[in-house]
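Novice: 3D, please:
(one chain, ligands or ions: 2)
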Amino acid sequence: MIIAPLVGKQVDSYRLADARINVFDGSVRSSKTITTLVKWIEFVRTAPAGPLLMVGKTERTLRRNIIDVLVEMLGDKRARYVAGTGELFLLGRKIYVVGANDETAQEKIRGLSLVGAYCDELSTLPESFFVMLLTRLSIPGARLYATTNPDGPQHWLKVNYLDRARLHLDRDGEVHRSDDPDSLNLHRFSFQLADNPNLTPEYVANVSSEFTGLWYRRLILGEWVLAEGVVYESWDPARHVVAELPPIAHWLCIALDYGTTNPFHALAIGLGVDGRLYVGHEWRWDSKKQRGSLTDAEYSERVRAWVTGLGITPSYWVVDPSAKSYRVQMHRDGTTSTLADNEVVDGIRDVASLFATGRLLVHAVCKELIREIPGYAWDPDASEKGEDKPLKVNDHGVDALRYGIRTTRNIWHGRLAPPTKAA
Ligand SMILES: Nc1ncnc2c1ncn2[C@@H]1O[C@H](COP(=O)(O)OP(=O)(O)OP(=O)(O)O)[C@@H](O)[C@H]1O
Ligand SMILES: [Mg+2]
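Specialist: Ligands and ions are numbered 1, 2, ... in the order given. All right, here's what the predicted structure looks like:
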């Protein structure tokens, strides 16, 4: 990868990123990663002796987002990753690589004395880990570099850290300094798409069209805004509900949200020959409305009978991770299931983006799903605490939908028709 010389805000932030904590926040694709990596390479080259650490949500995402980029930038002699030991050798210095996706992650760094740390997607790490990390940066001259996309305005990173920055280079490129005694030795750099001159106007138009509402404001405009109101803002039955299914090129999955006292909801999701995703059929059992509850064996039998009746062969059976007993039953009945990816906000973002771009449609026979979507809303109490969570009511079809879409992402990603706009 040829790195073009840094320009504009990239250079300004590079020069000003000499605080103990340096956080780059803002839009997707706005060059936060490239700019911080150029800075990190310089730091690693010149930093005092001592251990260094690089952190991502998981080791795998860190590798894909960051380490592969470093290897491309420097070549595999100057940047060499040893997967077995989780160590990166960068310009001859050893760097520990860790994933920090849960509250137990802080145990991995307890007891270390570090001189430098790099965090990818900082807002997705637990606050407990970050607090521990700051105590570990104990060698004089120690620094931290981090990138993040915006989250809610009450998020721990925003309230406890970014709002207390000693220096802020804002989205418009203006520098604000704070002499508030409560401010931290933290410099904040807020990026937007326009700060990355390496993107073509076409590319910018495309990514911008993939997001609406909340996601547009956060991921394109770079604002820390509250998740409030309905989750799927672009949902419009006139646009998203089809009376007839086109020919389906590939039935990706049956996606299941399991319930015994709550409804059990299954969806058949396929990729149409027109390059759009379709929820073609649904099957639902509501023990409160129907004739009592079913056992796992009965569910398994009826769902299989439904799928056989549809005459489809799905590639995957994507099942609610909490449905352990049901998965065992399916296995007994000869069906291999796939554990659904239950990263709630990631799944919602995928579905929202597909609705916004007109690439996910619902067949009119899926009446219960169509009834749930417009009522699916963010939980205001969770938002106040800095967490994005949908309300857990009437969410059975919509849960199955995000499981199915998120878990089959590798199949449909890159195979869809170009985005279409709302009328
Ligand atoms: N100096 C540069 N030279 C060449 N390409 C660049 C440069 N800066 C950015 N780019 C290009 O822009 C893309 C986006 O930049 P980068 O990955 O740094 O954005 P980001 O702000 O970290 O985005 P995200 O929030 O999606 O992680 C890169 O993949 C790269 O192709
Ligand atoms: Mg990045």
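Novice: any idea which element the residue nearest the centre of the chain lies in?
Specialist: Most central in the chain under C-alpha atoms, centre = their mean is Asp346, positioned 4.1 Å from the mean C-alpha point. Per DSSP states H and E, Asp346 falls inside helix 344-356.
Novice: you'd agree the residue nearest to the centre of the chain is up against Ile405?
Specialist: No: assessed by C-beta atoms under 8 Å, Asp346 is found out of contact with Ile405, at 10.2 Å. For the C-beta atoms, the positions are set from N, CA and C on the backbone; glycine is no exception.
Novice: So for the closest residue to ligand 1 within the stretch 51-200 of the chain, what's the nearest residue that isn't a sequence neighbour?
Specialist: Distance from ligand 1 to each residue of the stretch 51-200 of the chain (C-beta to the nearest ligand atom) is smallest for Asn198, at 3.8 Å. Excluding the flanking residues, the one nearest Asn198 by C-beta to C-beta, 6 or more residues apart in numbering is Ala4, at 5.9 Å.
Novice: what's the nearest residue to Glu223 if we skip its chain neighbours?
Specialist: The spatial neighbour of Glu223 that comes closest, neighbours along the chain excluded (C-beta to C-beta, 6+ apart), is Arg217 at 4.8 Å.
Novice: Same question for Ala49.
Specialist: Ala49's closest residue in space is Val115 (C-beta to C-beta, 6+ apart), at 7.2 Å.
Novice: Do I have it right that that neighbour meets Arg136?
Specialist: No: if you go by C-beta under 8 Å, Val115 and Arg136 don't touch, sitting 10.0 Å apart.
Novice: Show me where the stretch 51-200 of the chain has its strands.
Specialist: 52-56, 79-82, 87-90, 93-99, 116-119, 143-148, 165-169, 175-177, 184-191 (DSSP state E, counting those that start in this stretch).
Novice: swap in the stretch 301-423 of the chain?
Specialist: 316-319, 338-339, 360-363.
Novice: I'd like to know which of those strands is closest to ligand 1.
Specialist: That would be strand 360-363 among these, by C-beta to the nearest ligand atom, at 21.8 Å.
Novice: That closest one: partners in the sheet, and parallel or antiparallel?
Specialist: strand 241-242 (parallel), strand 277-285 (parallel) (DSSP bridges).
Novice: between those, which gets nearest to ligand 1?
Specialist: Nearest of these (C-beta to the nearest ligand atom): strand 277-285, 22.8 Å.
Novice: Stretch 329-337: which residues count as buried?
Specialist: For stretch 329-337, burial by neighbour count (16 or more other C-beta atoms under 10 Å) applies to 329-330, 335, 337.
Novice: from the chain's centre, how far out does the helix or strand bottoming out on mean pLDDT in the chain sit?
Specialist: Taking mean pLDDT, DSSP states H and E as the measure, the helix or strand of the chain with the lowest value is helix 213-215, at a mean of 90. Here helix 213-215 is found 14 Å from its chain centre; the criterion is C-alpha atoms, centre = their mean, to the nearest Å.
Novice: next helix or strand past that helix?
Specialist: helix 237-240.
Novice: Send me that next one as PDB with only the CA atoms.
Specialist: Taking C-alpha atoms only, helix 237-240 is exported to PDB below (Å, rounded to 0.1, in the frame of the first residue of the first chain):
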ATOM      1  CA  PRO A 237     -44.000  -0.700   3.600                       C
ATOM      2  CA  ALA A 238     -44.700   0.900   0.200                       C
ATOM      3  CA  ARG A 239     -41.000   0.500  -0.600                       C
ATOM      4  CA  HIS A 240     -40.000  -2.600   1.300                       C
END
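Novice: chain center to it, what's the gap?
Specialist: 26 Å.
Novice: for stretch 12-29, same thing?
Specialist: The mean C-alpha position of stretch 12-29 is separated from the chain mean by 21 Å, C-alpha atoms, centre = their mean.
Novice: for stretch 412-419, same thing?
Specialist: 18 Å.
Novice: what's the first-to-last distance across that stretch?
Specialist: End-to-end span of stretch 412-419 (C-alpha to C-alpha, to the nearest Å): 14 Å.
Novice: Can you mark which positions in it are buried?
Specialist: 412, 416.
Novice: Pull the residues that contact it.
Specialist: Residues from elsewhere that reach stretch 412-419, judged by C-beta atoms under 8 Å, 6 or more residues apart in numbering: 206, 209-210, 252, 271, 274-277, 356-359, 405.
Novice: Relative to ligand 1, which of the residues you listed is nearest.
Specialist: Using C-beta to the nearest ligand atom, those come closest to ligand 1 at Glu210, 11.8 Å.
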